[in-house]
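**Q** Okay, structure incoming, though there's no sequence with it:
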């Protein structure tokens, strides 16, 4: 328990907190594929330790609205390497004076988002050779139901369920 408190304290000391932490749940993902459903309130945090010892935190925050991804419970899920600490975008300055923000200052990249009407929004993130997808149930109340899936990225050019190449 002391280790968990020290871990949470070190993350919160980083100065990234935008929500009041109310519940902190560490989870180890040791077998792939992984899939589980959770219920998040504002300030709840799930901290996943992945097979390569990388972490990804998912937490509930106030839904500020605006768009088809608005939730009925007014809670959204956010992500980062550390609890309550979303990564910054890295600016890329171009010779024509424009600036783009092509990637995050993080080993976590993405997300790509797929929204199905007013029912679900699925966010796909990549971490090394893993794909982490969290799907928000936009209709859930009074808290946000989130399904998390972790799997290995398919190898480029490989057919689904194909045997590995011979050496």
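**A** That came in fine, so what should we check first? Because the structure is predicted, anything quoted here is derived from the model rather than measured. Numbers count the residues shown, from 1 in each chain.

**Q** Residue 140: what's it in contact with?
**A** By Cβ atoms under 8 Å, 6 or more residues apart in numbering, the residues touching residue 140 are 39, 71-73. From N, CA and C alone the C-beta is placed, and that goes for glycine too.

**Q** which of the residues you listed count as buried?
**A** 71, 73 (16 or more other Cβ atoms under 10 Å).

**Q** Closest to residue 150 out of the contacts of residue 140?
**A** Nearest to residue 150 out of these is residue 39 (Cβ to Cβ; 18.6 Å).

**Q** How many residues are close by the closest residue to the closest one other than its chain neighbours?
**A** Nearest residue to residue 39 in three dimensions, chain neighbours excluded: residue 143, at 4.8 Å (Cβ to Cβ, 6 or more residues apart in numbering). Neighbours of residue 143 under the rule other Cβ atoms under 10 Å: 17.

**Q** is it true that residue 143 touches residue 40?
**A** Yes: using Cβ atoms under 8 Å, residue 143 is in contact with residue 40, at 6.1 Å.

**Q** any idea what residue 91 is structurally, helix, strand or coil?
**A** Here residue 91 is strand, with the state taken from DSSP: H, G, I helix; E, B strand; the rest coil.

**Q** Show the residue spans covered by the strands in this protein.
**A** With DSSP state E as the criterion, the chain has strands at 23-28, 34-40, 44-49, 55-62, 75-80, 89-93, 99-104, 108-116, 120-127, 130-137, 144-152.

**Q** Show me what the mean pLDDT comes to for the first one.
**A** Averaged across strand 23-28, pLDDT comes to 90.

**Q** if I pick residue 30, what's in contact with it?
**A** residue 51.

**Q** in terms of contact, does residue 88 touch residue 104 like I think?
**A** Yes: contact status for residue 88 versus residue 104: in contact at 7.2 Å, counting by Cβ under 8 Å.
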